[in-house]
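Peer 1: give me a model of this one.
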Amino acid sequence: PQHGTILPRFFDQFMHLVGHRPSGAVTCKDAGHSPDIRTRMPRVIAIDHGLKRTGLAVTDSLRIIATALDTVPTHELFAYLKAYLAREQVDGFVVGMPTNLDGTATDATQHVVGFIGHLRKAFPGKWVETVDERFTSSMAQQALNMSGKGRMARREKGQLDRISATILLQGFMERWTGKE
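Peer 2: Residues are numbered from 1 along each chain as shown. Take a look at the predicted model:
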């Protein structure tokens, strides 16, 4: 195999059109690697826990993108998570911790703390991290307003919970990879 920077397979097609390849650069195919040389990792699930509904988001298998997963009635959450973990590899959970602007506990904080205890018991082999969820609801509402969806489509209550969970997860991933 040649030495140099390994470039994705599609790079060859692009460079063929442009007619240039950096000197010393080889594609995955040239280097004898499979086109998918990145290691797949178990997913991470973000949970925006609510008394009635819970928003969920999940990473892709490479932990690059956070995607809205679902909104689940809170009383059905553990059954949903057990079914999901039966078909997907999951490494751990990111749970939004509600706090006031001054950092003190809200009325919902104790519910989330109790939920985290149950989550750790239900999935003892998985890690659980908490993240500050201040401003996620307002950021989610702003994202929904800017989405271009009609007013009736924006009124679906579960959307806001899914978007909030996605914002929590994206923020966690940015800190985890050192991008922030």
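
Peer 1: I'd like to know which elements the helix or strand encompassing residue 121 is packed against.
Peer 2: Assigned by DSSP states H and E, residue 121 belongs to helix 109-122. Applying 3 or more Cβ pairs under 8 Å, 6 or more residues apart in numbering; DSSP states H and E, one finds that helix 109-122 contacts helix 77-87, strand 90-97, strand 127-132. Every residue, glycine included, has its C-beta placed from N, CA and C.

Peer 1: again, only using 6 Å
Peer 2: The elements that helix 109-122 packs onto, with contact taken as 3 or more Cβ pairs under 6 Å, 6 or more residues apart in numbering; DSSP states H and E, are strand 127-132.

Peer 1: got the residue ranges for the strands in this structure?
Peer 2: 6-7, 26-27, 43-48, 53-59, 66-73, 90-97, 127-132 (DSSP state E).

Peer 1: could you give the mean pLDDT of the lengthiest helix in the chain?
Peer 2: Longest among the helix segments of the chain by residue count, using DSSP state H, is helix 157-176. Averaged across helix 157-176, the pLDDT comes to 82.

Peer 1: what's the angle between it and strand 66-73?
Peer 2: Using axes from the mean of the first three to the mean of the last three Cα atoms, to 10 degrees, the inter-axis angle of helix 157-176 relative to strand 66-73 is 140 degrees.

Peer 1: who touches the helix holding residue 121?
Peer 2: Contacts with helix 109-122, where a contact means Cβ atoms under 6 Å, 6 or more residues apart in numbering, come from 49, 78, 95, 97-98, 128.

Peer 1: and of the residues you listed, the nearest to residue 65?
Peer 2: Using Cβ to Cβ, residue 95 is the member of these that sits closest to residue 65, with 19.8 Å.

Peer 1: surely the closest one and residue 47 touch.
Peer 2: Yes. Counting by Cβ atoms under 6 Å, residue 95 sits close enough to residue 47 to count as a contact (4.8 Å).

Peer 1: more neighbours: which of the two?
Peer 2: In this view residue 95 and residue 47 are compared by other Cβ atoms under 10 Å, and residue 47 has more residues nearby, 27 against 23.

Peer 1: contact partners for the more buried one?
Peer 2: 93, 95 are the contacts of residue 47 under Cβ under 6 Å, 6+ apart.
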